[in-house]
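> Got a sequence here, can you build the structure:
(2 chains)
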Amino acid sequence: MRVLSLIRSRFSPVLATWLTEPNALNAALERIVPSRESNLADYQANVAMPLQKKLGKPPLAIAEEIVSKVDLSDICESVTIAGQGYVNLRLSPTWLANCLMQAHADPDRLAVAPVATAKTYVIDYSSPNVAKPMHVGHIRSTVIGDSITKILRFLGHKAISDNHLGDWGTQFGMIIYGYKNFRDDVAFAQAPVAELSRLYRVVQRIIGFQDAVANIPKLELAFEKAQQKLAESKAKSAAAPQDKKLVKEIATSARQLEEANDELEKAKASVEESSQDSDFMVRSKQHPDLGQRVLKETAKLHSGDAENLNLWEAFVPNCKDEIHSVYTRLNIQFDHEFGESYYHDMLPAIVEDLLARSLAVQSGGAICVFLDGYEAPMIVQKQDGAYLYSTTDIATAVFREREFAPDASLYVVDHRQSEHFQKLFDVLRKIGLIHTELKHVEFGTVLGEDGKPFKTRSGTVVGLSSMLDEAVSGAWDVVCDPERLQKSDYVFTEAEKRHIAETVGLGAIKYADLSHNRTSNYVFDMKKMVQLQGNTAAYIQYMYARTRSILRNAESEGIETDKWNSAPLVLSETLELSLGLQLLRFEDMLNQSMVEYLPNVVTEYLYETAKLFASFYVQHKVLTPDAMDTTMSRLRLTDLTGLTLRKGLELLGIGVVERM
RNA sequence: GCCCCAGUAGCUCAGUUGGAUAGAGCGCGGCUUUCCUAAAGCUGAGGUCACAGAUUCGAAUUCUGUCUGGGGUACCA
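Residues are numbered from 1 along each chain as shown, chains lettered A, B, ... in the order given. Modelled structure (predicted):
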């Protein structure tokens, strides 16, 4: 039910008498919103105050005029004026109940009408590098993108999901090199992906070591410079002790010195640690300049070298299987998986086209696109002739335009790449993709407990599947706590318990991710997200299970579903009205969540709904044998609550269980 | 240096795009179980919305400046 647009349409003719500009009228209509003051109003129109200057009248008089003209008699029980000129609307319980009955009669869509003008979206999300093991950093894009796709589809849009796999980059040079030099044939035959990740880590460690060794002189130099700068700042400050800027400069210099020192010490320590490992040192000596060698392997692959191409073709299916097993477990599907390799043949033409349009120029041996407002250009071809992800991204956008003709393209990618996307969009508009809304749906970095980006560190990778296992076992400990299960009459089978733990555990991970505003960073804390209290998926799943439990009890008491399913819904208690109003807002909430593609709008709504239901069922008994009308009405309300919670969770990619 | 993002309760975070007395969860204090699952509910304490100006009927929200933290910044993605 689109309550907001209905109410706004009633105000529109009244406001239009004063606001002839369509923009001004729309701005005024947008000031009609759900009220935060639930004790005063269900909806409120904050339209009188801004008009006082234009009309030269006090806001209360304007509000009175509006109230006398606007026709809401069928929807509202009362339309009143309060405060400085707020117009407060209280919905009619009868009208509200009628709307809810309509929603209840339509359990699949809950009376949510498909949008009038459906758009085509291409949504790019997840996009892991296939040769590297998936880790926690990948989950945000995957979960947020999946949820946005589901919500847009439910609202009636065409949403095409595309997993832009990193299947063509330097990491393949690494595993190809590793395979040629360090492979363990037995291990590869048994578990190819595990062996490939081992090879990846072996190569990465050597490169890291060699880079660190090469970097130490530079870091030492930087350290000395920082020392010098600090000394200079101190000298200047001594000459002018009252200058506050110099005091600040000293603090900055001191901090920089500390940072330089930290970096140097870190590099030294890591070199020192590896030096203790004699096998490792032998290997490192046998493969000097490994970074360069890896780049050569990558270049050979890209230029069509038969041996490397064969290896790549042998590796990719294994790597994809591994990644797909994670998606299967998370219940996530993509319409397309056009990886980077798919665009490889298109890249030369992209660069040629950019050169022909004089958008790209040679600079420092590379081919670059210089853009207003940025120091650094977007490089589309390296000195050595290799292409970069920016080139692939342009090709991808061109391909999608041709293939899908989208109205909007969403890129669900870490916010650290925002500058890249700004440049990319700039270039895309210049080459004519002007009819597509391009949007970087950025999200905050997943941080470790130290507050630093959660990255794959060689040796200590937190794999995604083991993380999911941890969440599920954490959920098991809580859900299948023997003490808790003893209190229940129902005896759960082992299979049921496993299913519940899996649903609750995976729900916990997804929900923790979705419930934060996507734009902010979020600290990954396994302990906390597996906690099954407060604003978590488990709480909502539990409330859903409670609704089902009540319906089961009704059935066992002989109250037939057919009867209450068509019985009148009557809202009389305050908590019934609050819950009913909340359920009525489902469609408006979903539309709101997609204005800026924020799934946390949905999680917040579901949490609120679950809490309202909890308050309601504690206060009022649903099954009241001596008042059958009330019982049947409340059964409908309970069922509709359950359906709404289930649908909402479904749109977040989170499942429910009938008992827990 | 330049550019971007953030700063809200002890902690983790919301805050419907400028609306009424700034909200949750966790933690802390108190209360509620003969009753549809107490994984619950009710309730109390806890705030200079980083700071200073500006804009206007009205600012956590917009603008300017300052402070603090994070990220990015020419051939990784």
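> which helix in chain A runs the most residues?
helix A:192-239 (DSSP state H).
> what's the offset of it from the middle of its chain?
How far helix A:192-239 lies from its chain's middle: 33 Å, per Cα atoms, centre = their mean, to the nearest Å.
> ok and the helix or strand that comes right after it relative to helix A:192-239, angle-wise?
From helix A:192-239 onward toward the C-terminus, using DSSP states H and E, the following helix or strand is helix A:244-275. Orientation of helix A:244-275 against helix A:192-239 (axes from the mean of the first three to the mean of the last three Cα atoms, to 10 degrees) gives an angle of 150 degrees.
> who does helix A:244-275 touch, helix- and strand-wise?
Packed against helix A:244-275 by the contact rule (3 or more Cβ pairs under 8 Å, 6 or more residues apart in numbering; DSSP states H and E) you find helix A:192-239, helix A:278-286. No exception for glycine: its C-beta is placed from N, CA and C like everyone else's.
> ranking those helices by burial, who's on top?
Mean neighbours per residue, mean count of other Cβ atoms under 10 Å, is largest over the helices and strands packed on helix A:244-275 for helix A:192-239, with a mean of 17.
> Show me what that helix is packed against.
Applying 3+ Cβ pairs under 8 Å, 6+ apart, we find helix A:192-239 packed against helix A:170-182, helix A:185-190, helix A:244-275, helix A:278-286, helix A:290-302, helix A:306-330.
> any bit of it sitting next to RNA strand B?
No: if you take Cβ under 7 Å from any atom of the strand as the test, helix A:192-239 misses RNA strand B, and the best it gets is 11.9 Å.
> Looking at the helices and strands packed on helix A:192-239, spot the one closest to RNA strand B.
Smallest distance to RNA strand B across those (Cβ to the nearest atom of the strand): 4.9 Å, for helix A:170-182.
> For that closest one, enumerate the helices and strands it packs against.
Contacts defined by 3+ Cβ pairs under 8 Å, 6+ apart place helix A:170-182 against helix A:192-239, helix A:290-302, helix A:306-330.
> Quick one: list the elements packing against the worst-scoring helix or strand of chain A on mean pLDDT.
Within chain A, no helix or strand scores below helix A:526-530, which has a mean of 73 by mean pLDDT, DSSP states H and E. Under the contact criterion of 3+ Cβ pairs under 8 Å, 6+ apart, helix A:526-530 touches helix A:464-479, helix A:494-514.
> can you do 6 Å?
Helix A:526-530 sits against helix A:494-514, with contacts defined as 3 or more Cβ pairs under 6 Å, 6 or more residues apart in numbering; DSSP states H and E.
> How much space separates the residue positioned nearest the centre of chain A from RNA strand B?
Of all residues in chain A, the one closest to the mean position by Cα atoms, centre = their mean is A:Ile144, 2.7 Å from it. For A:Ile144, the distance to RNA strand B equals 12 Å [Cβ to the nearest atom of the strand, to the nearest Å].
> contacts for the helix or strand hosting that residue?
Element membership for A:Ile144, per DSSP H and E: helix A:139-154. Helix A:139-154 has contacts (Cβ atoms under 6 Å, 6 or more residues apart in numbering) with A:121, A:123, A:125-126, A:159, A:161, A:332, A:412, A:443, A:446, A:510, A:513, A:518, A:594, A:597, A:599, A:651-653.
> What residues does the stretch 451-600 of chain A have near RNA strand B?
A:451-453, A:478-479, A:484, A:487-488, A:504, A:515-517, A:519-523, A:528, A:531-535, A:538-539, A:542, A:545-546, A:549-550, A:553, A:592, A:595-596, A:598, A:600.
> ok so, going back, pick the most buried one from the helices and strands packed on helix A:192-239.
helix A:170-182 (a mean of 22).
> Just want to check the distance between whichever residue of chain A sits closest to RNA strand B and A:Ala610.
RNA strand B sits closest to A:Gly534 of chain A, with a gap of 2.0 Å, by Cβ to the nearest atom of the strand. Distance, A:Gly534 to A:Ala610, by Cβ to Cβ, to the nearest Å: 11 Å.
> out of these two, which sits in the busier spot?
The residue with more neighbours, out of A:Gly534 and A:Ala610, is A:Ala610; 24 against 9, by other Cβ atoms under 10 Å.
> Let me see the confidence value for the residue lying farthest from the centre of chain A.
Within chain A, the residue lying farthest from the chain centre (Cα atoms, centre = their mean) is A:Ala239, at 53.6 Å. Per-residue pLDDT puts A:Ala239 at 77.
> And for A:Ile139?
Reported pLDDT for A:Ile139: 89.
> Ok, the one 10 residues further on next?
Per-residue confidence at A:Thr149 stands at 98 (pLDDT).
> now do A:Asn163
According to the predicted model, the pLDDT of A:Asn163 comes to 97.
> I figured it hits A:Phe334, correct?
Yes: under the criterion of Cβ atoms under 6 Å, A:Asn163 makes contact with A:Phe334 at 4.4 Å.
> okay, those two: which has more neighbours?
Neighbours per residue (other Cβ under 10 Å) separate A:Asn163 from A:Phe334, with A:Asn163 holding more: 24 against 21.
> if you average pLDDT over stretch A:250-258, what comes out?
Averaged over stretch A:250-258, pLDDT sits at 75.
> tell me the contacts of the closest residue to A:Leu295 other than its chain neighbours?
Nearest residue to A:Leu295, sequence neighbours excluded (Cβ to Cβ, 6 or more residues apart in numbering): A:Gly173, at 6.3 Å. Applying Cβ under 6 Å, 6+ apart to A:Gly173 gives the contacts A:Val294, A:Glu297, A:Thr298.
> any weak-confidence spans in the stretch 351-500 of chain A?
Within the stretch 351-500 of chain A, the ranges that satisfy pLDDT under 70 run A:448-462.
> all strands for it, in order.
Counting by DSSP state E, counting those that start in this stretch, one finds strands in the stretch 351-500 of chain A at the ranges A:360-363, A:366-369, A:378-381, A:408-414, A:437-443, A:446-447.
> Identify whichever of those strands lies nearest to A:Ile250.
strand A:446-447 (30.2 Å; Cβ to Cβ).
> any residue of that closest one up close to RNA strand B?
No: using Cβ under 7 Å from any atom of the strand, strand A:446-447 stays clear of RNA strand B, coming no nearer than 8.0 Å.
> elements contacting that strand?
Secondary elements touching strand A:446-447 (3+ Cβ pairs under 6 Å, 6+ apart): none.
> And the contacts of that strand?
Strand A:446-447 is contacted by residues A:Val136, A:Gly137, A:Arg140, A:Phe454, A:Asn521, A:Val523, A:Phe524 when judged by Cβ under 6 Å, 6+ apart.
> could I get the residues you listed as a markdown table with secondary structure?
Output for the contacts of strand A:446-447, formatted as a markdown table (DSSP: H, G, I helix; E, B strand; the rest coil):
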| residue | secondary structure |
| --- | --- |
| A:Val136 | helix |
| A:Gly137 | helix |
| A:Arg140 | helix |
| A:Phe454 | coil |
| A:Asn521 | coil |
| A:Val523 | strand |
| A:Phe524 | coil |
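> Can you dump the C-alpha atoms of the following helix or strand past the least confident helix or strand of chain A in CSV for me?
On the C-terminal side of helix A:526-530, the closest following helix or strand by DSSP H and E is helix A:537-556. Extracted in CSV, the C-alpha atoms of helix A:537-556 (Å, rounded to 0.1, in the frame of the first residue of the first chain):
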residue,chain,number,x,y,z
ALA,A,537,18.4,-11.7,12.4
ALA,A,538,17.8,-14.3,15.1
TYR,A,539,15.5,-12.0,17.0
ILE,A,540,13.4,-11.4,13.9
GLN,A,541,13.5,-15.1,13.0
TYR,A,542,12.4,-15.9,16.5
MET,A,543,9.4,-13.6,16.3
TYR,A,544,8.5,-15.2,13.0
ALA,A,545,8.6,-18.6,14.6
ARG,A,546,6.4,-17.3,17.4
THR,A,547,3.8,-16.2,14.9
ARG,A,548,3.8,-19.7,13.4
SER,A,549,3.6,-21.2,16.8
ILE,A,550,0.5,-19.3,17.7
LEU,A,551,-1.1,-20.3,14.4
ARG,A,552,-0.3,-23.9,15.0
ASN,A,553,-1.8,-23.7,18.5
ALA,A,554,-5.0,-22.2,17.0
GLU,A,555,-5.3,-25.1,14.6
SER,A,556,-4.8,-27.7,17.4
